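A.B. asks: test case, fold it:
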Amino acid sequence: MERSSIFLMGILVMCCGAAMAEEEYMKYKDPKQPINIRIKDLMSRMTLKEKIGQMTQIERSVASTEVMKKYYIGSVLSGGGSVPAKQASAETWVDMVNDFQKGSLSSRLGIPMIYGIDAVHGHNNVYKATIFPHNVGLGATRDPVLAKKIGAATALEVRATGIPYAFAPCIAVCRDPRWGRCYESYSEDHKIVRAMTELIPGLQGDVPSNSRKGVPFLAGKQKIAACAKHYVGDGGTTEGINENNTVTSMHGLLSLHMPAYYDSIIKGVATVMISYSSWNGIKMHANHGLITGYLKNTLHFRGFVISDWQGIDRITSPPHANYTQSIMAGVSAGLDMIMVPYNYTQFIDGLTFLVKNKFIPMTRIDDAVKRILRVKFVMGLFENPLADYSMAKYLGSQEHRELAREAVRKSLVLLKNGESADKPVLPFPKKASKILIAGSHADNIGNQCGGWTIEWQGISGNITVGTTILTAIKNTVDPKTKVVYKENPDAAYVKSNKFSYAIVVVGEPPYSETDGDSLNLTITDPGPSTITNVCGSVKCVVILITGRPVVIQPYINNIDALVAAWLPGTEGQGVADVLFGDYGFTGKLPRTWFKTVDQLPMNVGDRHYDPLYPFGFGLATKPTKAT
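C.D. replies: Residues are numbered from 1 along each chain as shown. Below is the predicted model:
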């Protein structure tokens with residue numbers, strides 16, 4: 001009897017153990033299972049609270065391990081300039097991201113969060129990162145292969161800080177340079193913008209040939225999820241006013257502003273961000289027809305749709321005036337993840353109320369969560385949720401700086417080179433007795449980089465590691481050549497010093513978004529007087545550091561040579577490489593250069609097209625052994 005009871009007990013224990021093992025096997029945790037099976041399994045286990053948590057993206061300043069666990073938060077972001085510490089190291093970033101992730105992993109189902117950041121011209125929030133030229137400069141290169149390499153380098157630097165997701169690229173087609181985000185656009189011509197979507201496979205990896213159209217793709221731990229933005233028509237607003245209204249027909253929208261989205265989706269882009277702007281008076285964040293109808297149903301986009309920063313708040317005017325209505329309009333239109341970024345409890349409570357009271361159907365919530373989980377599974381976040389320090393070496397690496405330097409060289413557009421082709425001014429000789437470098441942008445990394453650099457608006461000064469144009473010139477000229485730097489010399493000083501030639505570097509201050517909107521598009525003072533004082537007295541080249549064409553016609557006759565250098569980033573050496581003939585000028589205007597702002601908007605193909613320099617213009621020089 002005793003023996004049989006022991007036997008029965010053994011059987012019972014084995015059965016219980018088998019049942020427990022059966023219970024513990026969760027398909028969603030098994031990487032061998034197909035992604036759709038994993039999504040279905042995980043969805044079947046999730047409560048409404050967990051689903052709404054996944055749809056919520058919060059700013060790092062309000063995130064914590066406890067918040068991630070308690071509210072099941074799906075994503076965290078760094079807003080522009082939001083960092084764990086001033087001049088934080090890659091390791092400090094990794095530690096912060098991992099702390100948030102550990103909160104997510106300790107929740108009931110352990111769904112990892114996704115951390116996102118604006119890496120729009122390199123890993124631009126992070127001290128010591130390589131800052132590449134802004135998109136307008138890359139558009140001047142006409143080089144999609146280069147864009148892809150920049151995407152790959154950016155992915156490595158973003159991963160170096162433990163982050164797997166960037167809000168890039170901006171594939172706006174800027175139709176009016178008065179727009180404060182025009183430098184984030186590759187060109188006024190959608191064909192160039194389409195070509196430069198090669199940045200996406202650079203960031204994410206090449207989509208396998210057998211991949212279904214529209215399905216997000218990520219090629220492993222050295223790649224990051226990309227985000228095509230801002231859907232759609234953000235570059236076409238009236239007078240270039242940021243977040244304003246784009247007035248065009250459906251045909252105009254589809255033929256000009258939409259094509260780069262087709263390419264992005266075919267290339268497996270993981271996410272699409274919605275524009276603050278409106279189309280014919282309808283806010284894009286509330287446009288069901290274009291988000292659900294066109295992007296999801298017609299283009300078969302299977303990644304997730306993310307709002308912009310407080311994007312749903314801005315559905316109403318003034319923003320946040322009727323938040324419940326805004327949540328309903330945005331989520332109903334097809335937004336999957338909401339960049340809240342601060343008042344997350346108000347958003348979660350509001351969306352929960354709308355679902356429980358059947359204002360928003362559960363099917364809409366399930367669609368959003370499936371898409372978010374699909375991207376997370378594709379990214380391998382369930383298998384590799386935590387970062388380590390092994391990739392820290394990529395941040396600001398020499399190889400990446402060389403790539404950025406190449407991008408600078410190829411982005412420079414030579415607009416004037418002497419009075420005739422027979423007597424070119426550039427390239428300058430490296431050997432000269434004494435040369436003058438002048439201008440507010442000659443020795444200023446922050447001005448060189450522009451907006452979205454260390455701070456959201458960018459900031460003037462030597463704010464991160466890099467090479468200023470002044471330093472680059474000193475590195476390049478003959479050691480016996482005396483280089484004199486004077487930011488804003490008067491004409492008498494220039495005349496009395498017997499300079500061989502002068503290089504004037506002037507432009508716009510750093511800015512981003514609405515703060516960059518400008519109706520006059522002028523060079524920052526004292527730039528015009530610096531041009532007049534220097535170029536009226538000595539042979540000179542003017543280098544423009546701007547995010548767009550600016551008013552230059554009044555000074556053009558005084559200037560011997562003129563170079564559009566856009567916003568070149570940290571590697572100013574690329575400018576000197578071409579100025580002194582180690583490489584030739586090859587860049588072509590990605591935008592029409594107007595004579596006066598009264599002509600705006602003016603784009604190639606317009607009936608009344610009378611530019612100072614037409615779209616595609618750019619003088620070429622050959623490399624020379626300049627002495």
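A.B. asks: where do the strands sit along the stretch 351-500 of the chain?
C.D. replies: For the stretch 351-500 of the chain, the strands defined by DSSP state E, counting those that start in this stretch cover 413-417, 434-438, 482-485.
A.B. asks: any stretches of this structure with poor pLDDT?
C.D. replies: Scanning the chain for pLDDT under 70 picks out the ranges 1-23, 625-627.
A.B. asks: tell me where the stretch 101-250 of the chain has helices.
C.D. replies: For the stretch 101-250 of the chain, the helices defined by DSSP state H, counting those that start in this stretch cover 135-141, 144-160, 190-195, 199-204, 250-252.
A.B. asks: tell me which of those helices sits nearest to Ile282.
C.D. replies: Nearest of the helices of the stretch 101-250 of the chain to Ile282, taken as Cβ to Cβ: helix 250-252 at 12.2 Å. C-beta coordinates here come from the backbone N, C-alpha and C atoms, glycine included.
A.B. asks: what does the closest one contact?
C.D. replies: Applying Cβ atoms under 8 Å, 6 or more residues apart in numbering, helix 250-252 has no contact partners.
A.B. asks: stretch 105-115 now?
C.D. replies: 42, 45-46, 50, 54, 65, 68-69, 72-78, 97, 100-101, 103-104, 162-165, 225, 373, 375-376, 379, 381-382, 385.
A.B. asks: likewise for stretch 51-63?
C.D. replies: Here stretch 51-63 has contacts from 46, 67, 71-79, 82, 84, 96, 100, 111, 116, 306, 331, 336-342, 344, 347-348, 351-352, 355, 365-366, 368-369, 372-373, using Cβ under 8 Å, 6+ apart.
A.B. asks: got the end-to-end distance for that stretch?
C.D. replies: Taking Cα to Cα, to the nearest Å, the first and last residues of stretch 51-63 lie 18 Å apart.
A.B. asks: same question for stretch 461-479.
C.D. replies: Note: stretch 461-479 ends 27 Å apart using Cα to Cα.
A.B. asks: list the buried residues in it.
C.D. replies: 463-464, 466-474, 476-477 (16 or more other Cβ atoms under 10 Å).
A.B. asks: correct me if wrong: Asp388 contacts Glu91.
C.D. replies: No: in this structure Asp388 lies outside contact range of Glu91 using Cβ atoms under 8 Å: 9.6 Å.
A.B. asks: can I get the buried part of the contacts of stretch 105-115 as one ChimeraX selection?
C.D. replies: Typed into ChimeraX, the next command selects the buried ones out of the contacts of stretch 105-115 (criterion: 16+ other Cβ under 10 Å):
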select :42,46,50,54,65,68,69,72,73,74,75,76,77,78,97,100,101,103,104,162,163,164,165,225,373,375,376,379,381,382,385
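A.B. asks: now intersect the contacts of stretch 105-115 with the helices, please.
C.D. replies: 42, 45, 50, 54, 65, 68-69, 97, 100-101, 103-104, 373, 375-376 (DSSP state H).
A.B. asks: closest one of those to Val126?
C.D. replies: Using Cβ to Cβ, these come closest to Val126 at Val97, 12.1 Å.
A.B. asks: if I pick the closest one, what's in contact with it?
C.D. replies: With contact set as Cβ under 8 Å, 6+ apart, Val97 has these partners: 76, 115, 161-163, 387.
A.B. asks: my read: Ile37 touches Pro31, true?
C.D. replies: No: under the criterion of Cβ under 8 Å, Ile37 is not in contact with Pro31, lying 11.3 Å apart.
A.B. asks: the closest residue to Pro169 other than its chain neighbours: how many residues sit nearby?
C.D. replies: Nearest residue to Pro169, sequence neighbours excluded (Cβ to Cβ, 6 or more residues apart in numbering): Leu199, at 4.7 Å. Leu199 has 29 neighbours, counted by other Cβ atoms under 10 Å.
A.B. asks: and what of Glu513?
C.D. replies: Glu513 has 19 neighbours, counted by other Cβ under 10 Å.
A.B. asks: quick check: closest non-adjacent residue to Lys49.
C.D. replies: Closest to Lys49 by Cβ to Cβ, 6+ apart is Tyr72, at 6.5 Å.
A.B. asks: go on, Val494?
C.D. replies: Ser537 (4.0 Å).
A.B. asks: need the contact partners of stretch 286-294.
C.D. replies: By Cβ under 8 Å, 6+ apart, stretch 286-294 touches 231-232, 274, 279, 284, 305, 315, 329-330, 332-335.
A.B. asks: need the distance between the two termini of it.
C.D. replies: 13 Å.
A.B. asks: what are the buried residues along it?
C.D. replies: For stretch 286-294, the neighbour count (16+ other Cβ under 10 Å) marks 286-287, 290-292, 294 as buried.
A.B. asks: what does stretch 37-44 give?
C.D. replies: Neighbour-count burial for stretch 37-44 [16+ other Cβ under 10 Å]: 38-39, 42.
A.B. asks: specify which member of these is nearest to Pro177.
C.D. replies: Among those, and counting by Cβ to Cβ, the member closest to Pro177 is Ile39, at 44.0 Å.
A.B. asks: now for the strand or helix carrying the closest one, which elements pack on it?
C.D. replies: Using DSSP states H and E, Ile39 sits within helix 35-45. When contacts are defined as 3 or more Cβ pairs under 8 Å, 6 or more residues apart in numbering; DSSP states H and E, helix 35-45 packs onto helix 362-378.
A.B. asks: can I get the CA coordinates of the helix it packs on in CSV?
C.D. replies: Taking Å, rounded to 0.1, in the frame of the first residue of the first chain, the C-alpha atoms of helix 362-378 are listed here in CSV:
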residue,chain,number,x,y,z
MET,A,362,-11.5,47.3,-29.9
THR,A,363,-10.5,46.3,-33.5
ARG,A,364,-8.8,49.7,-33.8
ILE,A,365,-6.8,49.1,-30.7
ASP,A,366,-5.9,45.6,-31.8
ASP,A,367,-4.7,46.9,-35.2
ALA,A,368,-2.4,49.4,-33.5
VAL,A,369,-1.0,46.9,-31.0
LYS,A,370,-0.4,44.2,-33.6
ARG,A,371,1.6,46.8,-35.7
ILE,A,372,3.7,47.9,-32.7
LEU,A,373,4.4,44.2,-31.7
ARG,A,374,5.3,43.3,-35.3
VAL,A,375,8.0,46.0,-35.4
LYS,A,376,9.3,44.9,-32.0
PHE,A,377,9.5,41.2,-33.0
VAL,A,378,11.1,42.2,-36.3
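A.B. asks: about what we covered before: who has more neighbours, Asp388 and Glu91?
C.D. replies: Applying other Cβ under 10 Å to Asp388 and Glu91 shows that Glu91 carries more neighbours, namely 15 against 11.
A.B. asks: so the more buried one belongs to a strand, correct?
C.D. replies: No: the assignment for Glu91, made by DSSP: H, G, I helix; E, B strand; the rest coil, is helix rather than a strand.
A.B. asks: that one and Val145, how far apart?
C.D. replies: Distance, Glu91 to Val145, using Cβ to Cβ, to the nearest Å: 33 Å.
A.B. asks: and the residue nearest the centre of this structure?
C.D. replies: With distances taken as Cα atoms, centre = their mean, Val120 lies nearest the centre of the chain, 2.1 Å away.
A.B. asks: residues in contact with that one?
C.D. replies: Neighbours of Val120 in contact, by Cβ under 8 Å, 6+ apart: 134-135, 166-170, 184, 452.
A.B. asks: try Arg45
C.D. replies: Contacts for Arg45 (Cβ under 8 Å, 6+ apart) come out as 26, 28, 109.
A.B. asks: on that earlier part again, pretty sure the residue nearest to Val494 is touching Lys495, no?
C.D. replies: Yes: between Ser537 and Lys495 there is a contact under Cβ under 8 Å: 4.7 Å.
A.B. asks: of the two, which one has the most company?
C.D. replies: Remark: of Ser537 and Lys495, Ser537 carries more neighbours, 21 against 14, as counted by other Cβ under 10 Å.
A.B. asks: give me the element the more buried one is part of.
C.D. replies: Under DSSP H and E, no helix or strand contains Ser537.
A.B. asks: re earlier: ok, the residue nearest to Lys49 - contacts?
C.D. replies: Taking Cβ under 8 Å, 6+ apart, we find Tyr72 in contact with 49-50, 52-54, 104, 107, 111.
A.B. asks: great, nothing more from me.
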